[in-house]
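[1] Next come a sequence and a model predicted from it.
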Amino acid sequence: MSNRPLKSFFSSGFQAISVQIFGGAFFYILSVTLSKHDFGILNWSTAISLFITTILGFGMDQVVVRRMALSKSSDWAAAAFFLHSLVGVVVSFGMMMAILALYGSERRTLVMLPSIFIVQSLVFVAMPFRQFLNAKERFAPYGIISLVSNVLKIVFILYLAPQYKVTLNAVIWLLTATGAAELLFLLVYVKAKFKLSFSFKFTAYKKLVRESSAQYLSVLFDSSLSRMDWILLGLISAQMALADYSFAFRAYEMMKLPIVVIGAVILPRFARMFASGVNVTYDKRHEIRQFLKMEIVLAGFIILVANILWTPVVDAFSSGKYGTSNWRVFMILSLCLPLHFLINLFWTLIFSAKKYRYITIATIATAVLNIAFNLVFIPLLGAEGAAIAFALATLVQLLIYAYLTRRKVMSCDLNPLLVTVSILVAAFAAAYFATGNVYLRLVIALGIYLPLVFATKQMGREQISILKSYLRR
């Protein structure tokens with residue numbers, strides 16, 4: 001029995017920890033050392049830059065992974081994606097600078113945008129090599145590169161902080177240098193280890209574009225779904241409101257770390273599972289359903305712990321800058337965690353079955369609703385309004401994906417979500433009203449939550465056994 005899946009899971013986890021945990025630590029240090037205004041500018045410009053690079057990507061990233069996971073002869077897709085990304089970034093940067101030169105701007109936010117776009121572009125251009133390694137289930141190399149990069153960033157900021165030299169310009173220079181280094185090391189490693197050829201094959205490139213175009217609108221609108229709240233909040237409300245929201249949102253993204261780990265492992269496997277068609281055996285369907293239950297239970301556990309500890313812990317570590325000011329925002333966002341766990345699983349099933357058109361329809365509908373919700377709630381409630389808009393859009397997205405998965409791939413019951421969320425709410429309410437001591441609240445909440453999820457068979461011996469067998473297979 002091979003242990004390769006288990007190794008893939010833990011090496012994927014190492015990569016995710018390197019990116020998310022240490023990246024999150026760097027983000028936290030910036031949040032408490034930069035002013036809220038500059039922190040808001042950094043996050044708004046990053047959101048805009050991310051949206052632009054998503055447009056440039058043309059939806060190729062996941063298609064490249066699926067192609068290379070299925071066939072060793074498709075390694076050319078990574079090189080094609082790299083050259084596509086490089087040209088797109090150069091052209092976009094030139095257009096951005098030309099527009100600013102022609103029209104100018106006195107707003108500091110727009111003046112800083114090109115510099116922050118360079119930072120995001122380096123990450124974007126490195127993506128083909130990260131996807132290449134993910135498709136090969138070689139997660140550790142980028143994990144190591146990212147770990148070293150993030151540690152160096154943290155050390156540099158901690159060195160500057162006591163001297164009060166942490167400025168937005170210094171941060172941009174630091175991010176540019178480390179981004180360029182990550183790209184260089186990834187390029188050298190992939191070229192040396194796998195002998196990746198960069199010869200451009202126009203016919204093969206057209207094939208990649210044609211396959212990616214089927215889900216381009218989906219990727220584009222999905223990007224607007226994940227960052228349009230940041231963009232609109234920065235335009236409609238104050239930069240300080242965006243700072244509060246982006247801090248809570250990044251904390252929420254840290255909570256999604258298990259999705260990053262699991263998703264990187266299961267996408268190549270599901271792609272092979274559906275390679276011969278969408279008909280999957282009963283045993284496989286049963287495993288997927290039990291996998292769904294485990295994800296929801298894990299999400300509930302994370303929500304309980306994070307919400308009970310949020311205000312005292314974040315207040316303490318941010319010297320009162322965040323925590324009390326944005327606990328409602330964080331609570332609303334955190335409730336989306338089990339929804340995103342399920343959305344990720346349903347999306348992976350639909351994508352692996354090559355039902356791209358349905359992903360596009362679902363994503364466009366959700367993104368349009370998200371924009372509408374933001375335009376309604378942000379003027380009324382600011383950062384909390386953006387969180388409410390995001391939560392409503394996420395719920396709609398889950399319902400659409402659940403319907404599509406049931407109709408086009410396999411039946412998936414949402415009852416486990418309802419049961420686990422009910423237990424979660426009951427445990428939180430009981431702990432909240434029982435005591436004012438934060439740590440005693442945590443003990444009471446988990447003391448109610450964990451026994452009930454086992455008693456209702458949301459988690460048990462069968463699910464744990466399936467998980468073990470899945471990892472060892």
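    The structure has been received and is ready for your questions.
[2] What ranges does the stretch 351-473 of the chain have for its strands?
    With DSSP state E, counting those that start in this stretch as the criterion, the stretch 351-473 of the chain has no strands.
[3] Give the residue spans of it that score low on pLDDT.
    The stretch 351-473 of the chain contains residues with pLDDT under 70 at 352, 463, 466-473.
[4] I'd like the distance between the nearest residue to residue 316 once chain neighbours are set aside and residue 54.
    Spatial nearest neighbour of residue 316, chain neighbours left out: residue 323 (7.8 Å); criterion: CB to CB, 6 or more residues apart in numbering. Bear in mind the C-beta positions are built from the backbone N, C-alpha and C, glycine included. With the distance defined as CB to CB, to the nearest Å, residue 323 ends up 31 Å from residue 54.
[5] what's residue 67 in contact with, if anything?
    Applying CB atoms under 8 Å, 6 or more residues apart in numbering, we find residue 67 in contact with 74, 77, 135, 208, 211.
[6] Kindly tell me how buried the second one is, as a neighbour count.
    When neighbours are defined as other CB atoms under 10 Å, residue 77 has 27 of them.
[7] Surely it is in contact with residue 64?
    Yes. Under the criterion of CB atoms under 8 Å, residue 77 makes contact with residue 64 at 4.6 Å.
[8] Quick check: neighbours shared by those two?
    What both residue 77 and residue 64 touch, as defined by CB under 8 Å, 6+ apart, is the set residue 208.
[9] on that earlier part again, which ones are touching the residue nearest to residue 316?
    Taking CB under 8 Å, 6+ apart as the test, what residue 323 contacts is 310-316.
[10] Residue 171 is in contact with residue 34, isn't it?
    Yes. The pair residue 171 / residue 34 is scored as a contact, 7.1 Å apart, by CB under 8 Å.
[11] Can you pick out the residue with more neighbours from the two?
    Legend: neighbour count by other CB under 10 Å for residue 171 and residue 34, higher for residue 171 (24 against 20).
[12] Just give the number of residues close to residue 182.
    Neighbours around residue 182, by other CB under 10 Å: 21.
[13] Please read the previous query as pertaining to residue 188.
    Counted with other CB under 10 Å, residue 188 comes out at 11.
[14] In which helix or strand does it reside?
    helix 168-194 (DSSP states H and E).
[15] that older thread, and the two most separated of the contacts of residue 67?
    135 and 211 (14.9 Å; CB to CB).
[16] Compare the two and say which is more crowded by neighbours.
    residue 135 (24 against 18).
[17] Now do the same contact list for the nearest residue to the more buried one once chain neighbours are set aside.
    In space, and not counting its chain neighbours, residue 135 is closest to residue 68: 3.7 Å by CB to CB, 6+ apart. Residues near residue 68 by CB under 8 Å, 6+ apart: 74-75, 77-78, 131-132, 135-136.
[18] next SSE after the helix or strand hosting residue 68?
    Taking DSSP H and E as the criterion, residue 68 maps to helix 60-70. Using DSSP H and E, the helix or strand that follows helix 60-70 in sequence is helix 76-103.
[19] Now do the contacts for the nearest residue to residue 160 once chain neighbours are set aside.
    Closest residue to residue 160 apart from its sequence neighbours, by CB to CB, 6+ apart: residue 166 at 5.0 Å. Contacts were defined as CB under 8 Å, 6+ apart; by that measure residue 166 touches 30, 33-34, 157, 160.
[20] Kindly indicate which of the contacts of residue 323 lies nearest residue 397.
    For the contacts of residue 323, the nearest to residue 397 is residue 310 (24.7 Å; CB to CB).
[21] quick one: contacts for that closest one?
    251, 323, 327, 330-331.
[22] Let's see that with 10 Å instead.
    With contacts defined as CB atoms under 10 Å, 6 or more residues apart in numbering, residue 310 is in contact with 248, 251, 322-324, 326-327, 330-331, 334, 438.
[23] swap in residue 231?
    Residue 231 neighbours (CB under 10 Å, 6+ apart): 43-44, 47-48, 50-51, 224, 242, 371, 374.
[24] Just the pLDDT at it, thanks.
    Per-residue confidence (pLDDT) for residue 231: 83.
[25] Which neighbours do residue 171 and residue 34 have in common?
    Between them, residue 171 and residue 34 share the contacting residues 42, 157, judged by CB under 10 Å, 6+ apart.
[26] surely residue 25 meets residue 155?
    No. Assessed by CB atoms under 10 Å, residue 25 is found out of contact with residue 155, at 11.1 Å.
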